[in-house]
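take this sequence and fold it.
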Amino acid sequence: MATELVELVFDKIPDNLLNILVANIIQSFNILEIFHSELGEITDHHNDHDFMQYLKSGPTPASIFIKSNCARIGKVKIRQPLIRLLRFEQINEVSIIFSNNDIDKIDSENIIISLALGAKNLSQISHSYDYYCGYEPATDPKTRFFSKDTIGPLNKI
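Numbering: from 1, shown residues only. Presented below is the predicted three-dimensional model:
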């Protein structure tokens, strides 16, 4: 199987729920690296960061890139994801970028459904009702696995 980048995006996250969303994605997995687009590397790699404070501490647009040893979207575990937090015009976005080979394919037949259900749960927690997943860039509707409550048009990762 060819290696492809997959992107899962949560858009329009309220300021007070951004840290909660990130904590639910990373859970207790180790943060390996944190880099802020304006402030540079953040050397403290604890899982209890106030990422919203980092995003608001400099000019916008601003991004934070988090490399973790693992992330969880519902029942789906993803090895070595890159999590990008983006703030522009007072709007927050979280993207999880990973290789299709980094998914623990315990139940590969239902991986898209499992990701979609996990993303739906995370969107409810974070009040991010605009979310979608597809081959990177997931903004292209033709390369999506799901958008909110719609599966497809692609059906295999």
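
in its sheet, which strands sit next to the lengthiest strand in the chain, and in what direction?
Taking DSSP state E as the criterion, the chain has its longest strand at strand 91-99. Sheet partners assigned to strand 91-99 using DSSP bridges are listed as strand 5-11 (antiparallel), strand 82-88 (antiparallel).

what's the mean pLDDT across the last one?
Looking back up the chat, that one is strand 82-88. In this model, strand 82-88 has an average pLDDT of 95.

same thing with stretch 23-39?
For stretch 23-39, mean pLDDT rounds to 87.

i'd like the first residue to be 776 from this point on
With 776 as the first residue, the last one maps to stretch 798-814.

tabulate the CA atom coordinates of that stretch in PDB.
Extracted C-alpha coordinates of stretch 798-814, given in PDB (Å, rounded to 0.1, in the frame of the first residue of the first chain):
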ATOM      1  CA  ALA A 798      -6.200  16.700  25.800                       C
ATOM      2  CA  ASN A 799      -8.800  14.300  24.400                       C
ATOM      3  CA  ILE A 800      -6.800  13.600  21.300                       C
ATOM      4  CA  ILE A 801      -3.400  13.200  23.000                       C
ATOM      5  CA  GLN A 802      -4.900  11.700  26.200                       C
ATOM      6  CA  SER A 803      -2.000  10.500  28.400                       C
ATOM      7  CA  PHE A 804       0.400   9.800  25.500                       C
ATOM      8  CA  ASN A 805       3.800  11.500  25.500                       C
ATOM      9  CA  ILE A 806       4.300  14.800  23.700                       C
ATOM     10  CA  LEU A 807       7.600  14.500  21.900                       C
ATOM     11  CA  GLU A 808       7.900  18.100  20.500                       C
ATOM     12  CA  ILE A 809       6.000  21.400  20.500                       C
ATOM     13  CA  PHE A 810       6.900  24.200  18.200                       C
ATOM     14  CA  HIS A 811       5.200  27.600  18.000                       C
ATOM     15  CA  SER A 812       5.300  29.500  14.700                       C
ATOM     16  CA  GLU A 813       6.200  32.800  16.400                       C
ATOM     17  CA  LEU A 814       7.800  31.700  19.700                       C
END
